[in-house]
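Chemist: Build the 3D model from these lines:
(one chain, ligands or ions: 2)
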Amino acid sequence: MLYSERFRVAPGSKIKLSAIDPSFKDKHESKESAEAENAEHARRLGELQFLLYAEDRRSLLVVLQGMDAGGKDGTIRHVFGAMNPQGTRVHAFKVPSQEEAAHDFLWRAHLHAPARGEVVVFNRSHYEDVLVARVHDLVPKRVWSKRYGRINDFESNLIDGGTHIIKFFLHISEDEQLERLRQRLEDPKRRWKIAESDYTERALWPQYMEAYEEALARTSTEDAPWYVIPANHKWFRNLAVSKIVVETMEALRMKFPPPRVDIDEIRRKYHEAARHRPGRRSARSRRR
Ligand code: AMP
Ligand code: MG
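Modeler: Ligands and ions are numbered 1, 2, ... in the order given. Sure, this is the predicted structure:
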C-alpha cells in the first residue's frame, strides 16, 4: 500500500491521535532493515527535485509540524538533505517578529512560499496560529476559529498557482519526548537547543493534541493532505516521510522540458563546422 494513502488524514474525517501508535514501524525490525530503502528514496528525491527544477513549472511546499523534539530538524537534515540546495529552501517559523506581527497571520507564510521550480520546507508554519495561538489564548477563540477556513483558502490559492502541498505531523509519545529532552541535557553538542518552554509546553500536551486534531481534521484536503507520521523511531519517520515525498513527486509525472534550441543545428554549427574549418588542426592531429 502506498504510504501516501496509509498515513493520510482522509479529508473530512475526525482523528484521534491517541489511537495512532507513534512507535509503529511497519514490516521493519530495525534501522538496518530499512537502510537500503532509505538510501533508494534519497537517490530518487535528488532526481525528482532536479526534474522539478528543470521543468520550472510548478513547485512543492512541505509543511512540518510536531511537538518540541518531535524530529522536525532531523527530518530536514536526513530527508531533504538529499536534494540540491540550488532549488531547495527551508524556512523556520519562530515567534512572529514585530514586522510579521504587524501583518495578518498568513503574510509571512505567503512571503516564503515556493516559486516555480522550487521545493520549500516549512519548519513549523502558518499552523502555529491555530496551535500555540489557540493553546495559549494569544488571540480570542472567535479569531483563531476562523483561521481554519482562511488557511484552506490560502492553500487553495497556492495550489491554483501550481504549488503542490503536503503536510506532515510528526507524532511522538510524551515519554519519547521526555527521553529526547533528557538526552539533550546530557549532550554538550545539543544542550544549546533546550528551552524551558520545551518543558512548560509539555505540560499542555492534551491541549496541543486537541488543537492538532482539530487542525488535521479541518485542513486535510484532497489537494493539501495531512499525514500523521509515527515518529518515535527516527529511522521510520525518515522512511515514511521520504517515501511519501517520492510518491507525491512521482505522481506529478514530470518530464525534462524540450531543449530551447535546435540541437542538430547547434551541433552542426559549433561542433562539426569547427572541426572542419580550414587551417584549424583537429584535436586528434594536435595531440600527435
Ligand atoms: P523552535 O521551533 O524550537 O525554534 O521554536 C520556535 C517557537 O516559536 C516555538 O515555541 C513556536 O511555538 C513559536 N512560534 C512559532 N510561530 C508562532 C506564532 N505564530 N505565534 C506564537 N509563537 C509561535
Ligand atoms: Mg524547540
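Chemist: hang on, residue 117 packs against residue 57?
Modeler: Yes: counting by Cβ atoms under 8 Å, residue 117 does reach residue 57; the two are 7.4 Å apart. Every C-beta, even on glycine, is put in place using the N, C-alpha and C of the backbone.
Chemist: who has more neighbours, those two?
Modeler: Ranked by neighbour count (other Cβ atoms under 10 Å), residue 117 and residue 57 place residue 117 first, with 18 against 13.
Chemist: and residue 15, that's in a helix?
Modeler: No: using DSSP: H, G, I helix; E, B strand; the rest coil, the assignment for residue 15 is coil, not a helix.
Chemist: Go ahead and confirm it touches residue 214.
Modeler: No: with contact defined as Cβ under 8 Å, residue 15 does not count as touching residue 214 (9.7 Å).
Chemist: How about the residues of the stretch 151-288 of the chain by ligand 1?
Modeler: Contact residues, the stretch 151-288 of the chain versus ligand 1 (Cβ under 6 Å from any ligand atom): residue 197.
Chemist: what about the helices in the stretch 51-200 of the chain?
Modeler: Residue ranges of the helices in the stretch 51-200 of the chain, as given by DSSP state H, counting those that start in this stretch, are 72-78, 98-101, 107-111, 132-135, 141-144, 147-160, 174-186, 196-202.
Chemist: check whether the third one contacts ligand 1.
Modeler: I take that to be helix 107-111. No: judged by Cβ under 6 Å from any ligand atom, helix 107-111 stays clear of ligand 1, getting no closer than 8.4 Å.
Chemist: what is the mean pLDDT for that helix?
Modeler: Average pLDDT, helix 107-111: 98.
Chemist: Please apply the same query to the fifth one.
Modeler: Computed over helix 141-144, the mean pLDDT rounds to 98.
Chemist: CA atoms only for that helix, dumped as PDB, please.
Modeler: The C-alpha coordinates for helix 141-144 follow below in PDB (Å, rounded to 0.1, in the frame of the first residue of the first chain):
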ATOM      1  CA  LYS A 141     -11.400  32.000  20.000                       C
ATOM      2  CA  ARG A 142     -13.500  34.000  17.600                       C
ATOM      3  CA  VAL A 143     -10.200  34.900  15.800                       C
ATOM      4  CA  TRP A 144      -8.500  31.500  15.700                       C
END
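Chemist: Can you name the residue of the stretch 1-150 of the chain nearest ligand 1?
Modeler: Nearest to ligand 1, among the residues of the stretch 1-150 of the chain, is residue 128, at 3.3 Å (Cβ to the nearest ligand atom).
Chemist: nearest residue to that residue other than its sequence neighbours?
Modeler: Using Cβ to Cβ, 6 or more residues apart in numbering and skipping the chain neighbours, the partner closest in space to residue 128 is residue 93 (5.9 Å).
Chemist: contacting residues around that neighbour?
Modeler: 108, 109, 122, 123, 124, 125, 126, 128 (Cβ atoms under 8 Å, 6 or more residues apart in numbering).
Chemist: CSV please, covering the residues you listed and showing distance to residue 70 and neighbour count.
Modeler: Output for the contacts of residue 93, formatted as CSV (distance: Cβ to Cβ, whole Å; neighbours: other Cβ atoms under 10 Å):
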residue, distance to residue 70, neighbour count
108, 21, 21
109, 20, 24
122, 14, 25
123, 11, 19
124, 10, 17
125, 14, 22
126, 18, 23
128, 13, 19
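Chemist: out of those residues, which are inside strands?
Modeler: 122, 123 (DSSP state E).
Chemist: can the contacts of residue 93 go into TSV with extra columns for distance to residue 185?
Modeler: Formatted as TSV, the contacts of residue 93 follow (distance: Cβ to Cβ, whole Å):
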residue	distance to residue 185
108	32
109	33
122	28
123	22
124	23
125	28
126	32
128	25
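Chemist: show me where pLDDT drops low in the stretch 151-288 of the chain?
Modeler: For the stretch 151-288 of the chain, residues meeting the criterion pLDDT under 70 lie at 273-288.
Chemist: follow-up on the earlier one: let me know the pLDDT of the residue nearest to residue 128.
Modeler: pLDDT, residue 93: 98.
Chemist: got it, and residue 33?
Modeler: Note for residue 33: predicted pLDDT of 88.
Chemist: Let me see the residues that make contact with the one helix or strand it maps to.
Modeler: According to DSSP states H and E, residue 33 maps onto helix 31-55. By Cβ under 8 Å, 6+ apart, the list of residues contacting helix 31-55 from outside reads 28, 58-60, 79-80, 82-84, 86-88, 117-119, 233, 235-236, 238-239, 242-243, 245-246, 249-250, 252, 254-257.
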